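[1] Predicted model, plus sequence, below.
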Amino acid sequence: MLNPCCCISPRIGTFCLAIVDLILVVPFAWDVIVVFIKHFEMELLGDLILAVFLVFLAILLLAGAIQNSQEKVRLWLTLWLVFIIVLLILQIFSIYHGGRVNVRAGGSLGALLLFIYEIWVVYAYLTELRYGPSGLTYCPAQVV
């Protein structure tokens, strides 16, 4: 398998992506929690659950990268893939029923590319945890 992280290990790439996830999701979660507490509208319950779930996933990935935990990384990958599939199904139903693509729900092209890249990096890290560095093909700058 080709290493998706140019000139760094998949573990460092996974760690960096977990930090990026936290940076992106914590402000969203904070806003949702503040609005939910202030207005206490049941329509915001879905956003609240989504925010808590995304914070949980980011912390799970960060813990897996720090501890070199194959189980945590595999759990993150499974939950993330289920999350992406559910998002895609919801987007397709929304478009089919004449709605617009919901950018907050990951409908933008940039978010989709980030999701795909994140899956690739984490899968490469999982491969490295299973088979060691010999399971990956590194760029010439990584070969020492």
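    That came in fine, so what should we check first? Numbers count the residues shown, from 1 in each chain.

[2] buried stuff in the one helix or strand Thr127 maps to?
    Taking DSSP states H and E as the definition, Thr127 sits inside helix 109-131. Residues 114-115, 118-129 are the ones in helix 109-131 that count as buried (16 or more other Cβ atoms under 10 Å). C-beta here means a position set from N, CA and C on the backbone, and glycine is covered the same way.

[3] export these to CSV and tack on distance to Val82 and pLDDT?
    Listed next are the buried residues of helix 109-131 as CSV, based on distance: Cβ to Cβ, whole Å; pLDDT from 0 to 100:
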residue, distance to Val82, pLDDT
Leu114, 17, 81
Phe115, 12, 83
Glu118, 14, 88
Ile119, 12, 90
Trp120, 17, 88
Val121, 18, 88
Val122, 14, 90
Tyr123, 15, 90
Ala124, 20, 87
Tyr125, 19, 89
Leu126, 16, 89
Thr127, 20, 86
Glu128, 23, 85
Leu129, 21, 85
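
[4] Identify the farthest-apart pair in those.
    Pairwise distances across these (Cβ to Cβ) peak at 22.3 Å, for the pair Leu114 and Leu129.

[5] low-scoring pLDDT stretches of the chain, where are they?
    Low-confidence segments of the chain (pLDDT under 70): 1-7, 94, 98-109, 133-144.

[6] how about the helices in it?
    Along the chain, the stretches classed as helices by DSSP state H are 10-39, 45-67, 70-96, 109-131.

[7] okay, the angle between the second one and helix 70-96?
    Between the axis of helix 45-67 and that of helix 70-96 there is an angle of 150 degrees, by axes from the mean of the first three to the mean of the last three Cα atoms, to 10 degrees.

[8] Likewise for the first one?
    Inter-element angle recorded for helix 10-39 and helix 70-96: 60 degrees (by the same axes, to 10 degrees).

[9] How far does helix 10-39 sit from its chain's centre?
    In terms of Cα atoms, centre = their mean, to the nearest Å, the centre of helix 10-39 is set 10 Å apart from its chain centre.
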